[in-house]
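Enquirer: Let's see this in three dimensions:
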Amino acid sequence: MPEYGEREKVRFDVTGTECVAWHYPGTNGACVIMAGGFGVTKEPGTDLFAARFRDYGFSVLAFDYRHLGESGGQPRQVVRMREQLADWSAAIGFAAGLPGVDPARLAIWAFSASGGYVFSLAARDRRLAAAIAQTPNADNLAASRNAARYQKPGAMLRFTAGGVLDALGSLAGRPPRLVPLGGAPGTVAVLTTPDVADSGPALNPDGRYPDWQQAVAARSALRLAFWLPGRWAARVRCPLLVLVCDQDRSALAGPAVRAARRAPGAELVRLPGGHYAPFLDGHEQTVAAELSFLRRHLLAVDPVRATGSRA
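Expert: Now for the predicted structure:
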């Protein structure tokens, strides 16, 4: 279990709704802003890595998206991509004002579906000095087609029907129809790929996070299926590290590798294993690669960038 050391609960506003985050104070002036994957709250999604970054002097801000975890927002367990991108923007601005943080030394870190956001954020947000996309879902359409190989037709039809009914019900103000984040083939769940077996040991070992509601509104997954975040890769403005696992059967390595090759100057790290290997057997190798990247790009900031002037 990670040793969290000193961390404090902090809050920031996004269009009138409160987001809740953990702030790990650092010593080197740089800050890494983090969030969990699809439907994954800040503790299971970031604790393991945030503690390691903090141990090497980085400040960390790990937040819950609106509608999830401790953050506000109604209805609950709804994932909206545009809202979550706005949450990222607000979190980056908040991190820049934290005590001891140099606003010229900000990085973002995310994995899985949230890792896909990294391409868009790194392309559009000039405040970022670096970005890490860990096992990112760069092409949700390709991932959805692949996931269908591990699901039974009847369950796929029930899932789609549930998503449509949930979307229609939302128009009438009905509560969300929730579906589990993961399950066995034949069950109605967001993912039934072989990687699901590793999700518990990776994110919730020994039931460490009993408050994490491992379900989302069915409409959320339908929207996600048509999003192609890797298309932003060619416009990335800051140093980018893309870390993929070659046997990933959830986010898929191929689209992420292609996105990394389109991103100017991006660094690509390939590891063996499935989607959750960076939390399990590949953790030390992953942390070593990410810390090396963060040190090189956040602890040697160009003086021109430090003044706020960027090309």
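
Enquirer: Name the SS class of His23, please.
Expert: Secondary structure state of His23, per DSSP: H, G, I helix; E, B strand; the rest coil, is strand.

Enquirer: Can you tell me who the residue lying closest to it once chain neighbours are set aside pairs with across the strands?
Expert: Leaving aside its sequence neighbours, His23 sits nearest to Val10 (Cβ to Cβ, 6 or more residues apart in numbering; 4.6 Å). The C-beta positions use only the backbone N, C-alpha and C, and glycine is treated the same way. Here Val10 sits in beta bridges with Ala21, going by DSSP bridges.

Enquirer: thought Val10 was touching Glu18?
Expert: No - Val10 is not in contact with Glu18 according to Cβ atoms under 8 Å; the separation is 10.5 Å.

Enquirer: shared neighbours of these two, which are they?
Expert: Counting by Cβ atoms under 8 Å, 6 or more residues apart in numbering, Val10 and Glu18 have no common neighbour.

Enquirer: how about Pro185, what does it touch?
Expert: Taking Cβ under 8 Å, 6+ apart, we find Pro185 in contact with Tyr150, Gln151, Lys152, Ala155, Thr192.

Enquirer: can you give me the strands for this structure?
Expert: For the chain, the strands defined by DSSP state E occupy 8-14, 17-24, 31-35, 59-63, 106-111, 130-136, 178-180, 215-217, 240-245, 267-271.

Enquirer: got those as JSON lines, with distance to Val118 columns?
Expert: As requested, the strands of the chain are exported to JSON lines (distance: least, Cβ to Cβ, whole Å):
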{"stretch": "strand 8-14", "distance to Val118": "19"}
{"stretch": "strand 17-24", "distance to Val118": "18"}
{"stretch": "strand 31-35", "distance to Val118": "10"}
{"stretch": "strand 59-63", "distance to Val118": "15"}
{"stretch": "strand 106-111", "distance to Val118": "5"}
{"stretch": "strand 130-136", "distance to Val118": "4"}
{"stretch": "strand 178-180", "distance to Val118": "25"}
{"stretch": "strand 215-217", "distance to Val118": "20"}
{"stretch": "strand 240-245", "distance to Val118": "7"}
{"stretch": "strand 267-271", "distance to Val118": "13"}
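
Enquirer: Identify whichever of those lies nearest to Ala300.
Expert: Ala300 lies closest to strand 130-136 among the strands of the chain, at 11.1 Å (Cβ to Cβ).

Enquirer: Show me what that closest one is packed against.
Expert: strand 106-111, helix 112-124, strand 240-245, helix 253-262, helix 283-298 (3 or more Cβ pairs under 8 Å, 6 or more residues apart in numbering; DSSP states H and E).

Enquirer: tell me the mean pLDDT over the second one?
Expert: In this model, helix 112-124 carries a mean pLDDT of 97.

Enquirer: and what of the third one?
Expert: Taken as a whole, strand 240-245 carries a mean pLDDT of 98.

Enquirer: hmm, back to that, tell me which of the helices and strands packed on strand 130-136 sits nearest to Gly69.
Expert: Nearest of the helices and strands packed on strand 130-136 to Gly69, taken as Cβ to Cβ: helix 112-124 at 13.1 Å.
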